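Novice: Sharing a sequence plus its predicted fold:
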Protein chains: 2
Amino acid sequence: MSTSHLRPPSLLRLLGAWRARDSAEPAYRQLAQALRMLILDGRLGLDVRLPGERELAAALGLSRTTIAAAFDRLRDEGYLESRQGSGSVTRLPPGRVQPPGPDIDATSGGNLLNWTHAALPAAPGVAAACQAAIEALPAYLDDLGYDALGLPVLRRAIAAQYERRGCPTTPDQIMVTNGAQQGFSLLLKWLAGPGDRVVIDHPTYHNAIQALQRAHVVPVPVGLPAQGWDIDAMDAAFRQTSPRFAYVIADFHNPTGRSMDPATRRALVAAATRSHTPLVIDETMVATGLDFAPPPPVACHDPSGRHVFTMGSASKIYWGGLRTGWIRADAQTIAALGRLRTTMDMASPVLDQLAVAHLVEGDAGLGPRAGILRQRRDHLMGLIEARLPHWRVEAPAGGLSLWAELPRAEASALAALAESLGVRVAAGPRFGVSGAFERFLRLPFTLNEAQLETGVERLVEADARLHARQPRGRDPLALALEADRLI
Amino acid sequence: MSTSHLRPPSLLRLLGAWRARDSAEPAYRQLAQALRMLILDGRLGLDVRLPGERELAAALGLSRTTIAAAFDRLRDEGYLESRQGSGSVTRLPPGRVQPPGPDIDATSGGNLLNWTHAALPAAPGVAAACQAAIEALPAYLDDLGYDALGLPVLRRAIAAQYERRGCPTTPDQIMVTNGAQQGFSLLLKWLAGPGDRVVIDHPTYHNAIQALQRAHVVPVPVGLPAQGWDIDAMDAAFRQTSPRFAYVIADFHNPTGRSMDPATRRALVAAATRSHTPLVIDETMVATGLDFAPPPPVACHDPSGRHVFTMGSASKIYWGGLRTGWIRADAQTIAALGRLRTTMDMASPVLDQLAVAHLVEGDAGLGPRAGILRQRRDHLMGLIEARLPHWRVEAPAGGLSLWAELPRAEASALAALAESLGVRVAAGPRFGVSGAFERFLRLPFTLNEAQLETGVERLVEADARLHARQPRGRDPLALALEADRLI
């Protein structure tokens, strides 16, 4: 409803390297694909008025006909709505939300492989935990069912788990949330406001970046070096930009899969403490270690207990469908976050909290699924080395995806083309700001081996088409618009 | 963490008529009680720096000793933290969040009656619905469990319920949320930004007001007349203040319990349509009719389907512990809200959605609990007429509380004193802006009859003490501060 205007320079920044010059794909189709991906990714918001055709043609150095053809296509698909006198406004086709899991999609003949989710189906113990929850439920039915901080039984179980990991924790230091993403929303609302700065790893988890941008908070990216973290650069960012907090995924970093060593943890907390920068540590992936278990939590290195806020989740290790996460902080902060939450969604559901309490008490970890994930990771590594040997991949020690490096900055163009060839992948710029990471794709190894093979084959085809190694039949409109390709 | 300063005029506005001049309570205790209530209510935020003692003494026309004594008491209780050179900052004592249900509270000798929640324990069918959910669960465990819009089975059940209520609805017009409060957060984020105006009924649901204030949105209150709604005043507010939307509880209005008649619904939608003001209709209480079932939804009167957004909830009729609500809107808006949600908390839990689908399909309504609630309402009416005959109460046609009118503007002072006497009630100003409704208390009739009797007796005592009809033993500090009472 609150339509905003996007000026051409902003759209150009968002589009990044959308066009592969040597591609057999006509410019209008590449442009439509790139805009569709931006909308589906959420990087281009909804209800945003795009620049006019003439203006955009000038900014992109293309003919107005090309822009018109791209816009026509997006209008037909439901991604743009044009009203007389008010230009073209971004839309989502009804029912078209980021779809869950491998799904069917009409635009690719009904067999689109969704390869964007780094998440697993339910762990084997989930059904039994839900049954245990039902058995424990009667004791709760006489209450009103609202507890902004969560059920004591779950808060105790989570605190005990931190204790086992070497980080003594009392239940009043724990708050239950509706998944880690709500934990992040809450901490963001508590710690920062519009115009404030927040330091982030670069790349980092895409939904965290989006939440910052929605809240009009300015991300201050600190690039990850080839290995580990650059604490000197973090320290400089803390001192130079006075951020309200720093958001760090210490294990296993999403999307790169790395884990922070103990000395780096100590140095990070020391730097944050010196500059009074709170640390928000995202442990959503902490239990996804494939080659080793991670060292004790970052919070262990904060004796004051007031500098480090930790977010956890049952989604990656047990099931996203439980929608249960938590925050660990000092008791005073937890109490305040509970107050803040009542304006957002009041509380978490009782049944799921009981099921997660059962799972956390059992503390089974990934269990046999660790072996399956290792196999899939290695299978995907092998597929890429064999079929896309010009890409670089490294085996991550944990997490659920590979962070594949392409030889050229063309991830957005490749992902846009791949979508039309039946596979949806997340291009690197989703994990960064200002269009960074055009040389990267995130490839989760949570799909089964046959799906990974299909996915890689479709990427191989997209890669070939992008570089016109196997030009397919030409689109008639493409011929008419040939002129644009020669500019 | 983001400390803000409160200037004396703002604090005076918040305090309202905090002091009963003819009370036996010393001024410092009344002031401490009033500040504690403001903090517990959330009307005075956390991490807010209060004016200095000298400044506040001047503004309130009290001695500095009185202010210091009040602040001392709040510091001892954990509601204020004073740091050298940075004044006194509001805090919550660890573990002290708005507690759920009738609870125990240390400050009143362990038997505080919490009479602030207009909510019920679980309905009889909830346990069976959870069991049905467990049986349906296996079909979902192979999915990732994330669906920002909700499970199709629940969206269909909710759409069918609107159909039964005379409002044809397709499942793609429904989105499942984590309770109605999340529905409101989402719509608020979608429709309005900082500095925008939103028209509200006055009084209205307190958590909606708080959510507006947290979002830096300016509420435009339109007072409710003695009966029904004043659509001319709404219309004028729409035209004169260009609000981003209007938030209306048509049945059963919280806190007054009234229901909007069909002609008024038509007039409201017509006025909103003329001025292009979206309507957000909160139906959380729609199924709590005690004397009659409400007319068809406001959304029925919007043939375009684009002017009315409706929020619903399973919390009041089934159980708050299910944390399941929904939004009804046009399919395009629902799709956009689904995208927006991924930055907040991704999705709703699967198990609870399955349980609520079972309950909504059964559509049992309040069932036998309607009779119990009618009895409790009438019992509470009788208690107030007998024990507090100078208060005015009217029997509401629905909802879960009475909106009691006091003879003087002293609800905040009375509630603060009542808290120290063992009953926590919600003073009228929680349901309004700028300190309005000082003559009102909201008294839910969801407690059982013995609890209602205890609550009323404690209010009788508070009322008596406030007017020094039965002065109790004097506090030694009170004598030392006597001078203030004579000002």
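Specialist: Cool, the structure landed.

Novice: quick one, longest helix in chain A?
Specialist: helix A:368-387 (DSSP state H).

Novice: does chain B sit close to that helix?
Specialist: No: against chain B, helix A:368-387 shows no contacts by C-beta under 8 Å from any C-beta of the partner chain, the least distance being 13.3 Å. C-beta here means a position set from N, CA and C on the backbone, and glycine is covered the same way.

Novice: and that helix, how far from the chain's centre?
Specialist: Its chain's average C-alpha position is 21 Å from that of helix A:368-387, according to C-alpha atoms, centre = their mean, to the nearest Å.

Novice: buried stuff in that helix?
Specialist: Across helix A:368-387, burial judged by 16 or more other C-beta atoms under 10 Å in any protein chain shown covers A:369-370, A:372-373, A:376-377, A:379-381, A:383-384.

Novice: so where's the stretch 101-250 of chain A uncertain?
Specialist: For the stretch 101-250 of chain A, the stretches with pLDDT under 70 are A:101-110.

Novice: mind checking the SS state of the residue of it found nearest chain B?
Specialist: Closest residue of the stretch 101-250 of chain A to chain B, C-beta to the nearest C-beta: A:Gly145 (2.4 Å). Following DSSP: H, G, I helix; E, B strand; the rest coil, A:Gly145 is assigned to coil.

Novice: Looks like it contacts B:Tyr318 (just checking).
Specialist: No: between A:Gly145 and B:Tyr318 there is no contact under C-beta atoms under 8 Å: 9.7 Å.

Novice: Ramachandran coordinates for whatever residue of the stretch 251-400 of chain A ends up closest to chain B?
Specialist: As assessed by C-beta to the nearest C-beta, chain B sits closest to A:Gly321 within the stretch 251-400 of chain A, at 2.4 Å. Backbone torsions for A:Gly321, taken as degrees, to the nearest 10, come to phi -70, psi -10.

Novice: My read is that it contacts B:Pro138, right?
Specialist: No: A:Gly321 is not in contact with B:Pro138 according to C-beta under 8 Å; the separation is 11.9 Å.

Novice: Of the two, which one has the most company?
Specialist: The neighbour comparison of A:Gly321 against B:Pro138 (other C-beta atoms under 10 Å in any protein chain shown) goes to A:Gly321, with 30 against 12.

Novice: thinking again about what came up before, identify the contacts common to A:Gly145 and B:Tyr318.
Specialist: B:Ala122 (C-beta atoms under 8 Å, 6 or more residues apart in numbering or on different chains).

Novice: Tell me, how many residues neighbour the residue lying closest to A:Leu44 once chain neighbours are set aside?
Specialist: Distances taken as C-beta to C-beta, 6 or more residues apart in numbering or on different chains place A:Leu38 nearest to A:Leu44, at 3.7 Å, with adjacent residues excluded. Counted with other C-beta under 10 Å, residues neighbouring A:Leu38 total 25.

Novice: Check which helix or strand A:Leu38 maps to.
Specialist: In the assignment (DSSP states H and E), A:Leu38 maps to helix A:27-41.

Novice: Confirm that A:Ala404 sits in a strand.
Specialist: Yes: using three-state DSSP, the assignment for A:Ala404 is a strand.

Novice: That one against A:Phe445, yeah?
Specialist: No: using C-beta under 8 Å, A:Ala404 is not in contact with A:Phe445; the gap is 11.2 Å.

Novice: And the helices in the stretch 201-350 of chain A?
Specialist: A:206-214, A:231-241, A:262-274, A:331-341, A:350-362 (DSSP state H, counting those that start in this stretch).

Novice: can you list contacts of the first one?
Specialist: Translated: helix A:206-214. With C-beta under 8 Å, 6+ apart as the test, helix A:206-214 has contacts from A:41-42, A:181, A:184-185, A:188, A:198, A:200, A:218-219, A:247, A:282, A:426, A:430-433, B:189, B:340, B:342-344, B:346.

Novice: Just the residues you listed: which are in strands?
Specialist: Among the contacts of helix A:206-214, DSSP state E puts A:198, A:200, A:218-219, A:247, A:282, A:426 in strands.

Novice: Alright, that wraps it up for me.
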